[in-house]
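Engineer: Need coordinates for the following:
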Amino acid sequence: MDAGTDADEGAVRFGDGVAVLRHGPVAELRLDRPQAMNAVSTELARGLAAACTALGSDPGVRAVVVTSSHPRAFCVGADLKERNSFTDRDLRRQRPVGRAAYTAVLDLPVPAVAAVHGYALGGGFEIALSCDLIVADPTAVVGLPEVTVGVIPGGGGTQLLPRRVGAARAAELIFTGRRVPAVEAQALGLVDLLVEEGGDRTEALALAGRIAANSPVGLRAAKRALRLGHGLDLRAGLEVEDAAWSTVAFSGDRAEGIAAFNEKRAPNWPGE
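Structural biologist: From the prediction side, this is the model:
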């Protein structure tokens, strides 16, 4: 998918519904289909995949923040109005497009933070779950209500939610399809940081900025070890960790980090 530039805001657009803005080493991936509360259409899914692929291959990006342009929603999930006209054949054709979008978020090689306010439901919540951290404000309402319309969470929800909150809690949330308000969501571990109303984007960008100040090589290796090691037995997980350690131990970042520490200065990461 070709990217276009939004001259008014300095954003690079990926189709109808996704825009990327740069804040130094932090990239803001903005869901920007406000007319539909960022419902995931086929076009938005293609844009999301293309944007994540571009960001993942950019060595200057050290962290990504997923935000929303809609004041009352992060993303309300799949575009059911679009799907209402689908034949079975249409739905089968769309499935790989949707899977590619969620997989692209999950496979971002750098830390990713979701900034959630308002509704984050179904596929919208799965976008957030595909990130490493979720920052939410008190207006956030999250959930996976797919069973209420005859389907199941198909963007990773049945696998990602248990990894966050455990199998039994995930089962209760998925089987009931209930919507969870922000305070309960934080208590259950559905979101990681609850901030003041309207502060989700600002706080998520600030968090990403603190993350991005660290070694690019170290960040990517640490994320890889966390993701690949999760769910393995301890011995196998330690092997994953050792492989990641080897990646950073002989890097330029490691040499610079130790030199900067001893010279009592900020590191100038080579990112090698």
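
Engineer: How many neighbouring residues does the spatially closest residue to residue 121 that is not a sequence neighbour have?
Structural biologist: Take residue 121 and drop its neighbours on the chain: the residue closest to it by C-beta to C-beta, 6 or more residues apart in numbering is residue 77, 4.8 Å away. C-betas here are computed from N, CA, C, even on glycine. Other residues near residue 77 come to 26 when the count uses other C-beta atoms under 10 Å.

Engineer: wait, residue 77 sits on residue 122?
Structural biologist: Yes - between residue 77 and residue 122 there is a contact at 2.7 Å, judged by C-beta atoms under 8 Å.

Engineer: Break down the stretch 101-250 of the chain into its helices, ranges please.
Structural biologist: For the stretch 101-250 of the chain, applying DSSP state H, counting those that start in this stretch gives helices covering 123-129, 157-165, 167-176, 182-188, 200-212, 216-229, 234-249.

Engineer: Comparing the ones you listed, which comes out most buried?
Structural biologist: Mean neighbours per residue, mean count of other C-beta atoms under 10 Å, is largest over the helices of the stretch 101-250 of the chain for helix 123-129, with a mean of 29.

Engineer: before we move on, the earlier item: please identify which of the helices of the stretch 101-250 of the chain is closest to residue 96.
Structural biologist: Between residue 96 and the helices of the stretch 101-250 of the chain, the shortest gap by C-beta to C-beta is with helix 123-129, which sits at 14.9 Å.

Engineer: now for the closest one, which elements pack on it?
Structural biologist: Contacts defined by 3 or more C-beta pairs under 8 Å, 6 or more residues apart in numbering; DSSP states H and E place helix 123-129 against strand 73-75, helix 88-106, strand 112-116, strand 141-143, helix 157-165.

Engineer: Please identify which of these is closest to residue 135.
Structural biologist: Comparison of the helices and strands packed on helix 123-129 against residue 135 by C-beta to C-beta identifies strand 112-116 as nearest, at 5.3 Å.

Engineer: same for that closest one, what does it pack against?
Structural biologist: strand 63-68, strand 73-75, helix 123-129, strand 133-136, helix 200-212.

Engineer: Please compute how far the fourth one lies from its chain's middle.
Structural biologist: Same thing as strand 133-136. With C-alpha atoms, centre = their mean, to the nearest Å as the basis, strand 133-136 stands 9 Å off its chain's centre.

Engineer: For that strand, could you pull out the residues that count as buried?
Structural biologist: The neighbour-count check on strand 133-136 (16 or more other C-beta atoms under 10 Å) flags 133-136 as buried.

Engineer: Show me what it is in contact with.
Structural biologist: Applying C-beta atoms under 8 Å, 6 or more residues apart in numbering, the contact partners of strand 133-136 are 111-117, 120, 128, 142, 182, 185-186, 190-195, 200, 203-204, 207.

Engineer: The same query, at a cut-off of 6 Å, please.
Structural biologist: By C-beta atoms under 6 Å, 6 or more residues apart in numbering, the residues outside strand 133-136 that reach it are 113-116, 128, 182, 191-194, 200, 203-204.

Engineer: can you pull the alpha-carbon coordinates of it into PDB?
Structural biologist: What follows is strand 133-136, C-alpha atoms only, in PDB (Å, rounded to 0.1, in the frame of the first residue of the first chain):
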ATOM      1  CA  LEU A 133       1.700  -2.000  27.400                       C
ATOM      2  CA  ILE A 134      -1.800  -0.400  27.600                       C
ATOM      3  CA  VAL A 135      -2.300   3.100  29.000                       C
ATOM      4  CA  ALA A 136      -5.900   4.000  29.600                       C
END
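
Engineer: Give the pairing partners of it; include direction for each.
Structural biologist: Paired neighbours of strand 133-136 in the sheet (DSSP bridges): strand 112-116 (parallel), strand 193-194 (parallel).

Engineer: quick one: which of those strands is nearest residue 64?
Structural biologist: strand 112-116 (4.5 Å).
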